[in-house]
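# kindly generate the corresponding structure for this input.
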Amino acid sequence: MFTLKRNLVGLLVIDVQERLLKAMFDEKQVLSKIVKTIEGFKLLERPVVVTEQYPKGLGGTVDAVRKAMGDDFEPIEKTTFSAWGTKEFADMVRATAVQQWVIVGLETHICTLMTAKDLVECGKQVVVVGDGTTSRKERDHLLALDEMRHSGIRVSSLETVLFELLGDAASVSFKAISQLVK
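Numbers count the residues shown, from 1 in each chain. Alright, predicted model coming up:
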């Protein structure tokens, strides 16, 4: 396995949209973790990319995510289940220095899984925040996390990811990150 390196990492927020979120298992808890992940990456000054799956039909990104993104909110619209199948996303991944992608979003067993597998296939290291993803059915979520582990994708938690990126309690961001995950 690998350790996340702050200078190499970016966050991918997949399809946290109005109509999708309402149908998800444990949606309020997962949304809270997604927002905290975004806020943590912003505190650590790391890039955050948001995708939207067919927003005309599924609605736009939920307000809590839009608010956490602030002025940086520029979602990549897609119809492919894997974000990699969208030219704008694939071009962005190829052009950026980000080599490690942390992923949160919906649904674990469809868009999150397919995107994570494609990123690994193109040579990126991927960590999926298990408590920052969900599906309509808990069983689908758990099966997808298991499949990810067997596909070379690391599955971790919000706190583990943020503290791994901090690396040291002497970090200037330590206090803010500690408050965020409380």
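# pull the longest strand from this protein.
The residue-count maximum for a strand in the chain (DSSP state E) belongs to strand 125-134.
# and the helix ranked longest in the chain, average pLDDT?
With DSSP state H setting the assignment, residue counts place helix 27-43 as the longest helix in the chain. Averaging pLDDT along helix 27-43 gives 97.
# list the buried ones in that helix?
Using 16 or more other Cβ atoms under 10 Å as the test for burial, helix 27-43 gives 27, 30-31, 33-43. (C-beta placed from N, C-alpha, C; glycine too.)
# how far off centre is that helix?
In terms of Cα atoms, centre = their mean, to the nearest Å, the centre of helix 27-43 is set 9 Å apart from its chain centre.
# next secondary structure after it?
Using DSSP states H and E, the helix or strand that follows helix 27-43 in sequence is strand 48-53.
# which neighbouring elements make contact with that following strand?
The contact analysis (3 or more Cβ pairs under 8 Å, 6 or more residues apart in numbering; DSSP states H and E) places strand 48-53 against strand 9-14, helix 27-43, helix 63-69, strand 76-78, helix 87-95.
# let's see 10 Å
Helices and strands in packing contact with strand 48-53 are listed as strand 9-14, helix 18-22, helix 27-43, helix 63-69, strand 76-78, helix 87-95, strand 100-106; criterion 3 or more Cβ pairs under 10 Å, 6 or more residues apart in numbering; DSSP states H and E.
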